[in-house]
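K.L.:
One predicted model, sequence on top.
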Amino acid sequence: MTRPTTAPRLRAPRDHREALLMLTAELHVQRIATLGTLPRINQAGLKVFSQHDDDGIIQYLIQRLDVPRSFIEFGVEDYEEANTRFLLLRDGTWRGLLLDGDPANIDYIKYGELYWRYDLTAAAAFITRENINDLIATNGFVGEVGILSIDLDGVDYWVWEAITVVDPVIVIVEYNSVFGSDAAITVPYHPQFQRTAAHHSNLYFGASLPALAHLAARKGYALIGSNSAGNNAYFVRCDRLGPLAALTPAEGYIRSTARESIDPSGAPTFLNGDDRLRAIADMPAVDVITGELRRVGAR
């Protein structure tokens with residue numbers, strides 16, 4: 001297939017390294033298949049193309065659950081690092097929808113080899129709860145899908161709450177570990193929410209794990225765990241749980257050690273521990289159980 005001369009191309013050394021990575025990862029995937037039910041899903045963790053160890057967790061789940069071979073992932077950037085890339089490369093029978101707010105990222109994906117080789121659809125859009133169902137449906141995805149992966153760094157709770165056009169078996173949603181393991185809170189909804197603009201620290205975004213677990217229960221899903229980095233939560237539709245155990249937020253919570261904070265000039269400040277929460281303690285949050293507005297740091 002002839003591609004435009006402006007298309008980004010993978011260099012041979014990169015292709016060679018990727019092939020070796022896939023071969024090494026395959027050994028781990030085969031090992032996962034021999035395991036029984038694990039106490040924690042992140043014990044199956046493996047990083048191939050995911051940001052953290054999500055590739056292994058996803059393989060562990062699809063080996064044990066009846067999952068349609070279709071996925072939707074948004075917040076993929078250029079898809080070089082994503083939750084579904086390894087899934088697609090390892091088994092090309094999957095069909096996927098990729099959404100990102102930057103048209104340049106979508107152009108990069110469409111000019112790449114994966115786009116013509118596999119059954120991928122990619123679209124550029126700034127995702128809101130008002131447009132998400134139309135975005136999914138107009139791109140050909142309705143009804144049951146295997147995996148929905150949400151990473152918006154913003155109003156993730158509100159967007160997941162709004163989704164009705166698809167019925168995923170597995171849902172992966174980023175949570176904000178800084179919000180803690182007790183309060184069921186999320187940032188208030190705003191259709192143009194942007195993480196760094198909302199608070200200069202870069203720490204004010206998303207929802208707590210208890211908030212997402214509360215929403216999951218309303219939608220008929222059970223929390224089954226988190227990745228090792230403490231930023232992605234995994235939910236499975238209750239009618240497909242199979243051998244997996246449902247967890248409480250306290251059981252599934254992992255405290256992130258990531259130090260992503262910045263100062264007003266954009267320079268990193270490397271806050272850790274409770275200092276991260278103190279930096280955003282006075283910011284508003286919605287208690288998703290009561291509907292009341294409170295402060296992030298309120299006890």
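P.N.:
Perfect, I can see it now. Numbers count the residues shown, from 1 in each chain.
K.L.:
all helices for the stretch 1-150 of the chain, in order.
P.N.:
Taking DSSP state H, counting those that start in this stretch, the helices of the stretch 1-150 of the chain run over residues 12-34, 54-64, 85-90, 103-111, 113-117, 132-138.
K.L.:
which of those helices sits most buried?
P.N.:
Mean neighbour count (mean count of other CB atoms under 10 Å) peaks for helix 54-64 among those, with a mean of 24. The C-beta positions use only the backbone N, C-alpha and C, and glycine is treated the same way.
K.L.:
which helices and strands does it pack with?
P.N.:
The helices and strands touching helix 54-64, judged by 3 or more CB pairs under 8 Å, 6 or more residues apart in numbering; DSSP states H and E, are helix 12-34, helix 85-90, strand 166-174, strand 232-237.
K.L.:
and the angle for that helix with strand 232-237?
P.N.:
Relative orientation of helix 54-64 versus strand 232-237 (axes from the mean of the first three to the mean of the last three CA atoms, to 10 degrees): 10 degrees.
K.L.:
now what about helix 54-64, what contacts it?
P.N.:
If you take CB atoms under 8 Å, 6 or more residues apart in numbering as the criterion, helix 54-64 is touched by 25, 28-29, 32-33, 35, 37-38, 41-42, 44-50, 67, 83-84, 86-87, 90, 146-147, 170, 172, 225, 227, 232, 234, 236, 242-244.
K.L.:
For the helices of the stretch 1-150 of the chain, give me a markdown table that also has distance to Thr290 and mean pLDDT.
P.N.:
Compiled in a markdown table, the helices of the stretch 1-150 of the chain are given as follows (distance: least, CB to CB, whole Å; pLDDT from 0 to 100):
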| stretch | distance to Thr290 | mean pLDDT |
| --- | --- | --- |
| helix 12-34 | 41 | 86 |
| helix 54-64 | 32 | 98 |
| helix 85-90 | 38 | 96 |
| helix 103-111 | 38 | 97 |
| helix 113-117 | 45 | 95 |
| helix 132-138 | 25 | 99 |
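K.L.:
Arg195 is nearest to which of those?
P.N.:
helix 103-111 (16.6 Å; CB to CB).
K.L.:
name the helices or strands packed onto the closest one?
P.N.:
Judged by 3+ CB pairs under 8 Å, 6+ apart, helix 103-111 is in contact with strand 95-100, strand 119-124.
K.L.:
out of those, nearest to Tyr157?
P.N.:
The nearest among these, by CB to CB, is strand 95-100 at 17.2 Å.
K.L.:
just the helices and strands packed on helix 103-111: most buried one?
P.N.:
strand 95-100 (a mean of 25).
K.L.:
Note down every partner strand of that one and its orientation.
P.N.:
strand 70-74 (parallel), strand 119-124 (parallel) (DSSP bridges).
K.L.:
hang on, the earlier thing: out of the helices and strands packed on helix 54-64, which comes closest to Ile254?
P.N.:
Comparing these by CB to CB, strand 232-237 comes nearest, at 9.3 Å.
K.L.:
how near is Gly45 to Gln51?
P.N.:
From Gly45 across to Gln51, the span is 12 Å (CB to CB, to the nearest Å).
K.L.:
Looking at these two, which is more packed in?
P.N.:
Comparing Gly45 with Gln51 by other CB atoms under 10 Å, the one with more neighbours is Gly45, at 22 against 16.
K.L.:
Now for that one: which residues touch it?
P.N.:
Shown in contact with Gly45 (CB under 8 Å, 6+ apart): 52-54, 56-57, 227-228.
K.L.:
Filter the contacts of helix 54-64 down to the buried ones, ChimeraX style.
P.N.:
In ChimeraX, this line selects whichever of the contacts of helix 54-64 come out buried by 16 or more other CB atoms under 10 Å:
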select :25,29,32,38,41,42,44,45,46,47,48,49,50,67,83,84,86,87,146,147,170,172,225,227,232,234,236,244
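K.L.:
nearest residue to Asp151 other than its sequence neighbours?
P.N.:
Leaving out its chain neighbours, the residue that sits closest to Asp151 by CB to CB, 6 or more residues apart in numbering is Gly75, at 3.7 Å.
K.L.:
and that neighbour, how many neighbours?
P.N.:
19.
K.L.:
Same question for the one 3 residues further on.
P.N.:
Residues lying near Asp78 (other CB under 10 Å) number 17.
K.L.:
Pull the contacting residues for Ala222.
P.N.:
Ala222 neighbours (CB under 8 Å, 6+ apart): 216, 235-236, 238, 241, 244, 246-247.
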